[in-house]
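K.L.:
what's the 3D shape of this:
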Amino acid sequence: MLKRLTRKPLVQALLARLAAGYLLLVRHTTRWEVIGEDTAATLWNDGQPFVIAFWHGRLLLIGAHWRRKTPMNMLISQHADGELVARAVGHVGIGTVRGSSKHGGAAAVRTMVKAAKSGECLGFTPDGPRGPRMRASKGVIDVARLTGLPIVPVSLSTRGHRVLKTWDRFCLPHPFTRAVVLWGAPMTVAREADAEVSEADRAALETELIRLTEAADQACGRDPVPPGDPVPDTIPASA
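P.N.:
Now for the predicted structure:
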């Protein structure tokens, strides 16, 4: 009953505005410690787009931290939960492209490529929308190959947050706390990359995101969230 209620358009609109207000509260009351942002800042300041990759469980933290004046389009799945996320982040200045591996994937990729050509950053959660947790699919690698944009991995943690008992161990940040943001080195995917090279790039991105997430959690005095079990085959990513 509650699930059906939260999927009604008017209810979702209200929840999205509440979520956006909460994100703004977190943004303005958190003491942000940002490490390794030089590369991303240079790209931002030069107006050069890039692909930002982060785990699904840290999505709200990205929404609170992202520069509002820097256009970014995040891939969000087309299911009902994705609609709520799209509405919420839209209120804090993050655009969304709807699609997933099963519904609208090809059209979503075309839209993302078009956004990249217009100079806008692209956002991916490589383990979304259904997991396994902290295991990267190859969708972000494919888009980086098609667009020629570098992938910049990032992870975040806060001293005060609640870890939900969801598949992704979703982090619900508290306001008035301390946050650590860790940026990794950019990765470039060759346009002519074959399946073997693409898999190596995917594995390298996954390893780096796991490392950044563990380091961010430890810097905030929290137990690191463990990755889920890997799967042999991966699917294109969306939030």
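
K.L.:
switch to C-alpha atoms for all contacts and neighbour counts from now on
P.N.:
Noted.

K.L.:
low-confidence ranges, this structure, go.
P.N.:
1-7, 79-81, 99-105, 232-239 (pLDDT under 70).

K.L.:
how distant is the longest helix anywhere in the chain from the center of its chain?
P.N.:
Among the elements of the chain assigned as helix by DSSP state H, the one spanning the most residues is helix 195-219. Here the centre of helix 195-219 is set off from its chain's centre by 14 Å, with CA atoms, centre = their mean, to the nearest Å.

K.L.:
do stretch 29-40 as well
P.N.:
16 Å.

K.L.:
what does it contact?
P.N.:
Contacts to stretch 29-40, defined as CA atoms under 8 Å, 6 or more residues apart in numbering, come from residues 152, 175-186.

K.L.:
helix or strand: which one has the residue nearest to Ala20 when sequence neighbours are not counted?
P.N.:
The spatially closest residue to Ala20, leaving aside those adjacent along the chain, is Ala88, at 5.1 Å (CA to CA, 6 or more residues apart in numbering). Assessed by DSSP states H and E, Ala88 sits inside helix 80-90.

K.L.:
next structured bit after that helix?
P.N.:
Downstream of helix 80-90 (by DSSP H and E), the next one is strand 95-98.

K.L.:
and that following strand, what does it pack against?
P.N.:
Helices and strands touching strand 95-98, by 3 or more CA pairs under 8 Å, 6 or more residues apart in numbering; DSSP states H and E, are strand 72-76, helix 80-90, helix 105-117.

K.L.:
most packed of these?
P.N.:
strand 72-76 (a mean of 26; mean count of other CA atoms under 10 Å).

K.L.:
how near is Met112 to Arg67?
P.N.:
As judged by CA to CA, to the nearest Å, Met112 and Arg67 stand 19 Å apart.

K.L.:
same thing with Met187?
P.N.:
21 Å.

K.L.:
which SS class is Arg222?
P.N.:
coil (DSSP: H, G, I helix; E, B strand; the rest coil).

K.L.:
over to the one 3 residues further on?
P.N.:
When the structure is reduced to helix, strand and coil (three-state DSSP), Val225 reads as coil.

K.L.:
report all helices and strands that the longest helix of the chain contacts.
P.N.:
Using 3+ CA pairs under 8 Å, 6+ apart: helix 195-219 touches helix 139-147, strand 151-158, strand 178-183.

K.L.:
please enumerate residues in contact with the second one?
P.N.:
Read it as strand 151-158. By CA under 8 Å, 6+ apart, strand 151-158 touches 40, 50-55, 58, 61-62, 144, 173-174, 177-188, 205, 208-209, 212-213, 216-217, 220.
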